[in-house]
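J.: with the sequence up front, the predicted model follows.
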Amino acid sequence: MGDRPEPGLIKWSPNAAHDSFLHINLQHRILQLYQPTGRARRGRFDFAKVAKHDDFPPLTTYDWSPSMPGLVAVGTSTGVVNLLRVDDGSNAYLELGLKMSRTCQAVAFNMSGKLAVALDRVRSDNCLYIWDVNRLSSSMMSAASLADGAVSKGFPSDMEPFTEPADRREPSVSVSSVRFFEDNPNILVAGIKGQGLRIHDLREQGHHGSAIHFPTKCCNNLAIDYADPNYFASSALDQPGIMVWDRRCTQRQDASSAYLEAVDRDNLPWGGALRLDRAMQMEADPALMDSKNSLIRSLRFSRDHRGMLAVLSRTGQLRVLSTKHEYVEPDATLEGSPELLEVRRSCEVDPHYAESGRKNDKIVSFDWVTLGSPVLQPRMLVLRANGAFEVLEKPSFTSEYPFKLIPWQPPHRGLEEGGAYHAAMEFEPSQSSDILAPLLTETALSDIALFGQDKANVKLLADKALHSSASDDLVADIDQNTDLPRSFLEATSIAEKLAALRSASEEMDSGADNSAYSHLGTELASQRERHEKLLSQTRLRGHFPREAQAVLDHTMLLRAKENYLFNYRKNQQIVADDPWLRDIWGWVAGAEEAASDGGMMSHPLDVGYLGVYTIWSNNLGSKPHARLSDNAAPPDESGWERCLNAISKKLGISKFDSTETKRPHHRELCLEICNWGRPSDPDFDDGRSSISSLRRRDSTWHTMTAAHALFRGETKEAVQILMKASSEHPELLFVGFALQFSGRDENSAPKEPLNFDARVASKTDPYLLAISTFILTGDWTEIANQRSLPLRDRTYVAVRNFSDDKLTSWLEREVGVAIETGDIEGIVLTGISDSLVDILARYVMKFNDFQTATLLLSICSPRFIDDVRARAFRSAYRAYLQRHHAFFLRAKFDVESTKRSKHRGRPTLPPPQRQIALRCVYCDAETTLANMPGGHAGVGPGSSPLAAGPQQQQQQQQQRGGGGGAGVGGVEQQTVIGGGNPFTEKMVAGGISCPNCKRHLPRCVVCLEIVGMPRNSQTQNDRRGSGGWGDQGRGKLAASRFPTFCLKCNHVLHLDHARQWFARHQECPVPECRCKCNFRANPELNYH
């Protein structure tokens, strides 16, 4: 198959007092013992090799003794168990023989020197052997305690061989797995193939019927929770699920009612505490589905954390499940009863395990690192497929604790409401040490030596972190008096404000050299690095005042308010602060112009918005039928050439004759794609270039136009541009002469080497460097690989000059780099296709700009793209606009994106759900404005009735107040008024009564009047108190009629009555209700 052989197995010492781990190389049959010597964290693991054992047969299973750290048991396919001495380099071993040969399927040591051997089934023999190897401990300890000059390696030569096991159990069955419980070394659990699990007590001799039996198919990969030995886990070979068991399940009379209910009603197997039917992801590759290996490779419980289980699949997925006991009412608990578990949290330790390019980096074996302290972050030692050791930490969630403990006010809604932005968070500095304690402790312990001579004192460091003043440094003072730059105050658009802030940030950071991008000022950086530096200038916002931070935190909202949508030329102006985004929208505008009036269509293909790589590889994406005519088959290579030839003629593209190729029409269109969105006149610059802030008099502008002419093969035109620019920039004169005398054109080689000084090439001008490279070498490959050039230009050079095979490999490599780094320049290669989703996913992960990702993908998704991430971006953007009450902007985005989704005249986006509707709580009928004639919520002549539910019977009992809830209806109306009553029709037209059942709104429980109707109790004193009948008074009167509902008891009051009542009371005005409608758990907090 060509797959790399797996490097073996890894195991941490089962004895917490010995810090060491084993690595077994299955290919070369070498067992090596290592010892950690310092740090053990992600990115750094210090260890040293202690010993090696390289003489053992091919193994089927193994285990490491916790009582004898130098003893390892290895099972073989013949049933013979080898006891290896691994700590002294002696290659010593002993054999535990077997009368009838069969496969040894599992071995397990206990804490007292016993070894359990699980064997395959035979008819006339037991299949679970218990060997007593405890006498080896005395010989190994005596040998190790001798003087250094007289150390006896290996096992004593006069030791008697092991001939008979101490116990035999499980006759004529196949024992697939076995484990001992550490709290009682005489109790073990064994997995019986096809039957289930059995728990044996070795003190009961010869009583098979006394074993506790749990029927199940999950008989493999037994793992016991060391922190709570009552629980153990197992899995099946052909299922992705796992089971966690409770060994206390003996008899039904000993189980609580809650556990019996789970067994009887929820189909939980007897003995089970937790059932997960899908703990791991299934493979998408059918070839892997047919593999004979188990879907779940291993299960491991952490020794330092109770209920923490790690699961490894054969695909390299490593998932950690944190479990806890289910809550049971105190009166339903029963001492000694089995208890149910639930998954509190699950997380992926290696989230990128499924990436196609990481096949040799997948995890093949792992074990928990025993740290001896629950304060430290849990971590695992993993073995990669390439043979590398690595320590991975369980993802930390301590950063969430401060967020959850901070007393937040209701979320900040928009920027026009007048409230201070940072006033949304009220933080008590006096409580900072308590709130930030988990974060401070984790930070202090993140990079310390956990092993070896320099092992740190964890308890001392944790106490020091809790009592330190570091928490004061983490609490930022947002009341800063930093002056804003004048350009920011005078700016009128979001682009001008962002440019001003970036300029101010660059000035403040000019003296610092600790930035990850500090080297970019001294050397020519790649376009991606320059773009990331630009976006990172405003990432750390602590030194900006409030007004600036509000702009930075609401960039997407402010862009949306400037109509950042589907007018691509206008989008270029909105994102003028980001030259790379501006260039992206320029490319999209060029793609739209090319696709208009069917310009990118030729029967049966529609290649609109595709990029260079997708065109060159004939890739129609995940929905190829959407780009083909009805019932048309995908064309072959010659069919693609014919279609692209027709498209090139339609667009007026010149013929390709630069280099020999079998696909000239592919290259013609690819060259055109590289130039989409760029001005046709080389002397005109409208700011669309990825070279920011270019002016006509800058030397970079002249070298850019000269380089573009050179890339097109027009060397003479490039020389003329440089000569003409030399009047203002004399340094370009020598470059022009060198290019002219180099004797190179697009197809010729130099007559003789030219003595050209490479130092002329500027360290800040990528185009001058490209011209210099061409003068020196004439090698287009170096120019195509010069990442300081925009990807457009590099792709143009590659398409025009590379051979077919070389171009294919170059495009594949560049697309892979763009996906890996999230470089949005890759849109030139991928177009708006499925590969662009991969690029934008990484881009959003870096910079959180899901607004741009949504707008780009909405052009072709879901019309041509079917990807859940595209739908997730869209949902996130819509929720963002909703969250800021930008309802009009959200609706406009919905409308415009639905138009863009039309395919063959029909929109592919589903229509949005109805957002506003009134529902009667009595007849369950809905009413909307669409059902009302003329847009009025009434029923008049010619109006259509409501889509009504079944009309319910009227309530016969009267109560004081209306418990109708927030809907149409009331409880005091005894008869349904007929349709001929004019008063009822007016109430229906005014929205007071339901058009279907004619029940009215509830009554105020204070004044007993129907809410929403004119108030008879409005006295002259009320009028004087509300300011008379002026505009302000009318506003107060209108607000006083507003109904307010209690969400607990559903009683309704007028707003003014509610304020008056709850100013003195907490309970509901209805005497029989007893609902504390006005109860506040923390009255000291400002809820308003």
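T.: On my side now, so go ahead.

J.: how far is the host helix or strand of residue 889 from where the chain is centred?
T.: Under the criterion DSSP states H and E, the helix or strand holding residue 889 is helix 887-900. Taking Cα atoms, centre = their mean, to the nearest Å, one finds the center of helix 887-900 at 27 Å from the center of the full chain.

J.: neighbouring strands for the very next helix or strand once past it, and are they parallel or not?
T.: As assigned by DSSP H and E, the chain's next helix or strand after helix 887-900 is strand 902-903. In the sheet containing strand 902-903, the strands it pairs with under DSSP bridges are strand 906-907 (antiparallel).

J.: contacts for the partner strand?
T.: Strand 906-907 has contacts (Cβ atoms under 8 Å, 6 or more residues apart in numbering) with 898-899, 901. C-beta here means a position set from N, CA and C on the backbone, and glycine is covered the same way.

J.: if we use 10 Å, what do you get?
T.: Identification of contacts with strand 906-907 by Cβ atoms under 10 Å, 6 or more residues apart in numbering yields 862-863, 897-901.

J.: show me which residues of the longest strand along the chain are buried.
T.: Taking residue count as the measure and DSSP state E as the definition, the longest strand of the chain comes out as strand 30-41. Of the residues in strand 30-41, those buried under the neighbour-count criterion (16 or more other Cβ atoms under 10 Å) are 31-41.

J.: least confident secondary structure element in the protein?
T.: Sorted by mean pLDDT, DSSP states H and E, the helices and strands of the chain end with helix 1020-1025, the least confident at a mean of 46.

J.: on that earlier part again, what's the helix holding residue 889 packed up against?
T.: Taking 3 or more Cβ pairs under 10 Å, 6 or more residues apart in numbering; DSSP states H and E as contact, the helices and strands that helix 887-900 lies on are helix 555-561, helix 850-858, helix 868-883, strand 906-907.

J.: for the record, mean pLDDT for it?
T.: In this model, helix 887-900 has a mean pLDDT of 92.

J.: repeat for stretch 160-180
T.: When the per-residue pLDDT values of stretch 160-180 are averaged, the result is 90.

J.: for the helix or strand hosting residue 644, give me every contacting residue.
T.: Assessed by DSSP H and E, residue 644 sits inside helix 637-651. By Cβ under 10 Å, 6+ apart, the surrounding residues in contact with helix 637-651 are 593-594, 597-608, 615, 618, 633-636, 653-656, 662-672.

J.: next secondary structure element downstream of it?
T.: Stepping forward along the backbone from helix 637-651, the first helix or strand reached (DSSP H and E) is helix 664-674.

J.: and that following helix, how far out from the chain's middle?
T.: Counting by Cα atoms, centre = their mean, helix 664-674 comes out at 37 Å from the chain centroid.

J.: by how many degrees do that helix and helix 637-651 diverge?
T.: Per axes from the mean of the first three to the mean of the last three Cα atoms, to 10 degrees, the angle that helix 664-674 makes with helix 637-651 is 50 degrees.

J.: helices or strands up against helix 664-674?
T.: For helix 664-674, the packing partners by 3+ Cβ pairs under 10 Å, 6+ apart are helix 579-595, helix 612-616, helix 637-651, helix 791-801, helix 804-821, helix 827-830.

J.: wait, which of the helices and strands packed on helix 887-900 is closest to residue 115?
T.: Within those, the stretch nearest residue 115 is helix 868-883; the backing value is 50.1 Å (Cβ to Cβ).

J.: what is the rounded mean pLDDT of that closest one?
T.: 92.

J.: show me what it is packed against.
T.: Counting by 3+ Cβ pairs under 10 Å, 6+ apart, the elements that helix 868-883 packs against turn out to be helix 555-561, helix 834-847, helix 850-858, helix 887-900.

J.: which of these sits closest to residue 300?
T.: The closest of the helices and strands packed on helix 868-883 to residue 300 is helix 834-847. By Cβ to Cβ, the value is 29.6 Å.

J.: ok, which stretches of the stretch 101-250 of the chain are helices?
T.: With helices called from DSSP state H, counting those that start in this stretch, the stretch 101-250 of the chain shows them at 135-144.

J.: which intervals of it have sub-threshold pLDDT?
T.: Along the stretch 101-250 of the chain, the model assigns pLDDT under 70 to residues 139-152, 206-210.

J.: show me where it has strands.
T.: The residue ranges that make up the strands of the stretch 101-250 of the chain, judged by DSSP state E, counting those that start in this stretch, are 104-109, 114-119, 126-132, 167-171, 175-180, 187-192, 196-201, 212-215, 220-224, 231-235, 242-246.
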